[in-house]
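Engineer: Mind folding the following:
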Amino acid sequence: MTRTRKPAVPGWFDQDAADFRLLGTRCRACGAVFFPREDAFCRNPVCGGDELVEVPLSRHGTVWSYTDARYRPPAPYVSDPDTEWQPYALVAVELAAERMVVLGQAAPGVGPADLAVGTRVELVPGVLDEDDAHSWTTWHWRPVGAKGGAGGVGGAGDRAGGGETSPPHPPTPRRGVGGGEKNKSVGGRRVDRRPQVCPAPGSASGSSASGGDVAILGAGMHPWGKWGRSFVEYGTKAARAALADAGLDWCAVQSVVGAATVRGGYPGYVAGATFAKALGWQGARVTSVYAACASGAQAINTARAQILSGLADVALVVGADAAPKGFFTPAGGDRPDDPDWLRFRVLGATNPAYFGLYARRRMALYGDTADDFAQVKVKNAAAGAANPYARYRKPVTAQEVAASAVVADPLRLLDICATSDGAAALVLTSMDFARRHGVTDPVRIRAVSTATPHYPRTVLDLPDIATDSAATVPEPAAGFRASIALTAYEEAGIGPEDLSLAEVYDLSTALELEWYEDLGLCGAGEGAGLLRDGATSLGGRLPVNASGGLSSFGEAVPAQAIAQVCELTWQLRGQAGGRQVAGARVGVTANQGLFGHGSAVVAVR
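Structural biologist: Predicted coordinates for the structure are as follows:
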């Protein structure tokens with residue numbers, strides 16, 4: 001049968017070209033290169049150009065990182081559910097001329113054993129899937145010198161094919177998984193020694209550190225798990241618990257801010273109004289906030305802004321989710337303009353696949369081991385066992401981690417957080433309101449960072465298929481995750497040396513180690529050493545994820561950043577029971593959502 005060949009994504013490559021290349025675009029004004037292609041506007045923030053021309057990208061590059069897909073990806077990736085699943089490798093490749101990283105599947109027959117960080121690879125045409133009438137074409141990466149997708153790696157002296165250009169200036173080494181240079185001489189904080197494309201945002205008012213405090217009078221949660229009920233029920237229970245903790249009646253609340261999730265293509269029932277209705281309409285203003293996994297912190301920041309501006313004295317923040325089992329998936333339907341949909345359709349790149357890329361790169365750059373990752377799980381499981389709200393409440397051994405199934409090489413099932421049902425809520429008030437109600441020393445929110453990346457963003461991150469190009473604009477020395485923390489520290493007037501504890505976004509065990517460095521708790525590549533020394537365990541110098549983290553809870557997307565602040569609240573009050581951090585006075589949370597949503601909250605007492 002003759003099938004019609006069609007590109008999986010029109011315009012991304014010429015499937016019939018003798019010199020097979022990915023096709024990007026270049027801005028005529030500043031020279032910035034984009035893939036996937038931008039055809040309307042240049043995204044360089046200091047350019048503003050709108051004339052972009054098509055350009056072929058390099059055919060050769062070096063492996064930035066790699067992983068594999070041991071489990072069948074969900075739709076819109078196409079595969080036959082009646083056939084045995086055949087894992088494939090995913091390869092993130094750094095192109096020297098464009099100074100960008102592009103993700104793709106490896107050619108058939110190429111697996112993780114055939115790859116290493118730094119391996120030279122070439123672009124080859126491939127087939128994504130076929131039906132009776134069509135063959136959907138795509139691109140694959142293959143080690144130079146390999147035949148038919150298998151075999152050895154070409155020599156280091158191999159040159160790129162004809163027509164490829166030389167880099168406009170020498171490549172900047174990407175030393176950190178999180179992007180940008182990590183300078184060990186300043187306590188792990190990244191130092192930018194070159195001009196930024198745009199200056200980093202600082203304090204808007206220049207006021208004293210405590211001038212923007214709001215009080216946390218109440219914190220409440222619904223236990224995490226798989227309960228099979230509506231997220232509205234979970235959120236309402238958490239909200240009532242927070243109100244009871246604050247000693248306030250629901251009618252005292254003047255503003256409700258709901259952190260929303262997206263299921264089936266629409267925000268979760270318009271979350272702010274949903275919870276106001278469930279608690280009983282009483283006229284409060286409502287706001288709904290969506291920022292993927294950072295939704296909860298964005299909701300906290302919205303409530304805080306309303307209080308500081310005088311729009312409300314009392315605000316209720318609620319986030320709740322009833323998450324699906326298994327992989328998170330994009331909204332349904334054909335959505336070729338949605339990068340989240342595209343990475344599933346074209347690559348079958350699930351969230352754990354990205355976590356595997358980060359883990360493998362840490363192993364290559366810093367010498368982290370699978371046992372280091374397992375010890376993060378051991379640490380967090382021990383803390384979660386003492387948390388009545390956690391889903392998983394039993395200790396785990398490193399041997400149990402090593403015996404669990406590989407999901408995305410080198411990460412195993414127990415290295416990756418689950419998806420869960422759960423809810424969290426906070427009652428925030430002005431400091432004057434707290435004093436009028438007899439609370440003279442409440443836990444206070446001193447800073448909320450909702451930072452976005454700086455252009456060019458040069459580290460591959462969910463849900464992107466490629467990074468920005470640093471060919472014409474130097475990459476910022478401070479990577480995105482580090483900038484989230486730095487912005488919070490600047491607003492709060494503190495540094496990492498002032499922290500008593502931290503709650504971080506441990507989607508995977510390896511990613512927790514990266515957060516140690518991005519928070520400035522240690523230098524580049526020193527996260528595993530900090531863990532081995534016991535510094536981040538309960539009883540250590542600076543416990544991280546004393547709650548048990550997502551490792552013990554799982555993801556309930558709009559609730560988790562709020563839950564992190566609930567934990568800080570109980571810790572700073574001295575109410576955390578068997579997981580209490582002695583003398584806790586200052587804590588920070590760190591979280592990151594899809595599409596460049598960053599969040600960090602500093603709480604003090």
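Engineer: Please enumerate the helices of this structure.
Structural biologist: 231-246, 271-279, 295-308, 339-342, 351-366, 370-384, 398-403, 431-436, 480-492, 509-518, 527-532, 549-553, 560-573 (DSSP state H).
Engineer: Show me what the fourth one is packed against.
Structural biologist: In this case it means helix 339-342. Contact partners of helix 339-342 among helices and strands, from 3 or more Cβ pairs under 8 Å, 6 or more residues apart in numbering; DSSP states H and E: none. Every C-beta, even on glycine, is put in place using the N, C-alpha and C of the backbone.
Engineer: What lies in contact with that helix?
Structural biologist: 9, 36, 76, 330-331, 334-336, 463-465, 594-595 (Cβ atoms under 8 Å, 6 or more residues apart in numbering).
Engineer: Buried by neighbour count, from those: which ones?
Structural biologist: Buried members of those, scored by 16 or more other Cβ atoms under 10 Å, are V9, P36, P76, P330, R335, P463, D464, I465, L594.
Engineer: And those residues, which is closest to A320?
Structural biologist: L594 (18.8 Å; Cβ to Cβ).
Engineer: from memory that closest one sits against L462, does it?
Structural biologist: Yes - at 5.7 Å, L594 counts as touching L462 under the criterion of Cβ atoms under 8 Å.
Engineer: Touching both of the two, which residues are there?
Structural biologist: Common neighbours of L594 and L462 (Cβ under 8 Å, 6+ apart) do not exist.
Engineer: If I look at the nearest residue to A385 once chain neighbours are set aside, what pLDDT would I see?
Structural biologist: Once flanking residues are discounted, A385 sits nearest to R393: 5.1 Å by Cβ to Cβ, 6 or more residues apart in numbering. At R393, the model reports a pLDDT of 97.
Engineer: Okay, now the unreliable bits of the protein?
Structural biologist: Residue ranges of the chain with pLDDT under 70: 1, 147-211, 262-270.
Engineer: now with 80?
Structural biologist: 1, 146-211, 261-270, 331-333 (pLDDT under 80).
Engineer: Look up how far L462 lies from N591.
Structural biologist: According to Cβ to Cβ, to the nearest Å, N591 and L462 sit 13 Å apart.
Engineer: okay, the two: which has more neighbours?
Structural biologist: N591 (30 against 21; other Cβ atoms under 10 Å).
Engineer: can you list the helices of the chain in TSV and add distance to G539 and mean neighbour count?
Structural biologist: Output for the helices of the chain, formatted as TSV (distance: least, Cβ to Cβ, whole Å; neighbours: other Cβ atoms under 10 Å):
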stretch	distance to G539	mean neighbour count
helix 231-246	27	23
helix 271-279	38	23
helix 295-308	28	26
helix 339-342	40	20
helix 351-366	25	24
helix 370-384	10	23
helix 398-403	19	15
helix 431-436	32	16
helix 480-492	24	25
helix 509-518	17	28
helix 527-532	14	21
helix 549-553	16	30
helix 560-573	14	27
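Engineer: closest to R541 out of those helices?
Structural biologist: helix 527-532 (8.8 Å).
Engineer: packing partners for that closest one?
Structural biologist: So helix 527-532, by 3+ Cβ pairs under 8 Å, 6+ apart, packs with helix 370-384, helix 509-518.
Engineer: Any idea which of these gets closest to D129?
Structural biologist: Comparing the helices and strands packed on helix 527-532 by Cβ to Cβ, helix 509-518 comes nearest, at 30.7 Å.
Engineer: and that closest one with helix 351-366, angle?
Structural biologist: 60 degrees (axes from the mean of the first three to the mean of the last three Cα atoms, to 10 degrees).
Engineer: other SSEs contacting helix 509-518?
Structural biologist: Looks like helix 509-518 contacts helix 351-366, helix 370-384, helix 480-492, helix 527-532 (3+ Cβ pairs under 8 Å, 6+ apart).
Engineer: Columns distance to R59 on top of those, output as a markdown table?
Structural biologist: Formatted as a markdown table, the helices and strands packed on helix 509-518 follow (distance: least, Cβ to Cβ, whole Å):
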| stretch | distance to R59 |
| --- | --- |
| helix 351-366 | 22 |
| helix 370-384 | 34 |
| helix 480-492 | 29 |
| helix 527-532 | 35 |
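Engineer: closest to V401 out of those?
Structural biologist: Nearest to V401, of the helices and strands packed on helix 509-518 and by Cβ to Cβ, is helix 370-384 at 3.8 Å.
Engineer: Just the angle for that closest one relative to helix 509-518, thanks.
Structural biologist: 90 degrees.
Engineer: what angle separates helix 370-384 from helix 560-573?
Structural biologist: 60 degrees.
Engineer: other SSEs contacting helix 370-384?
Structural biologist: helix 398-403, helix 509-518, helix 527-532, helix 549-553.
Engineer: Just the CA trace of the third one, in CSV.
Structural biologist: Listed next in CSV are the C-alpha coordinates belonging to helix 527-532 (Å, rounded to 0.1, in the frame of the first residue of the first chain):
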residue,chain,number,x,y,z
GLY,A,527,23.6,19.5,46.2
ALA,A,528,24.3,15.7,46.5
GLY,A,529,27.1,16.5,49.0
LEU,A,530,24.7,18.6,51.1
LEU,A,531,22.3,15.7,51.1
ARG,A,532,25.0,13.2,52.1
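Engineer: List the contacts of it.
Structural biologist: Taking Cβ under 8 Å, 6+ apart as the rule, helix 527-532 contacts 366-369, 372, 375-376, 379, 512-517, 521-522, 536-537.
Engineer: what's the neighbour count on V117?
Structural biologist: Applying other Cβ under 10 Å, I find that V117 has 16 neighbouring residues.
Engineer: Over to the one 10 residues further on?
Structural biologist: As a burial measure, the neighbour count of V127 was computed by other Cβ under 10 Å and equals 14.
Engineer: Go ahead and confirm it touches S135.
Structural biologist: Yes - counting by Cβ under 8 Å, V127 does reach S135; the two are 5.7 Å apart.
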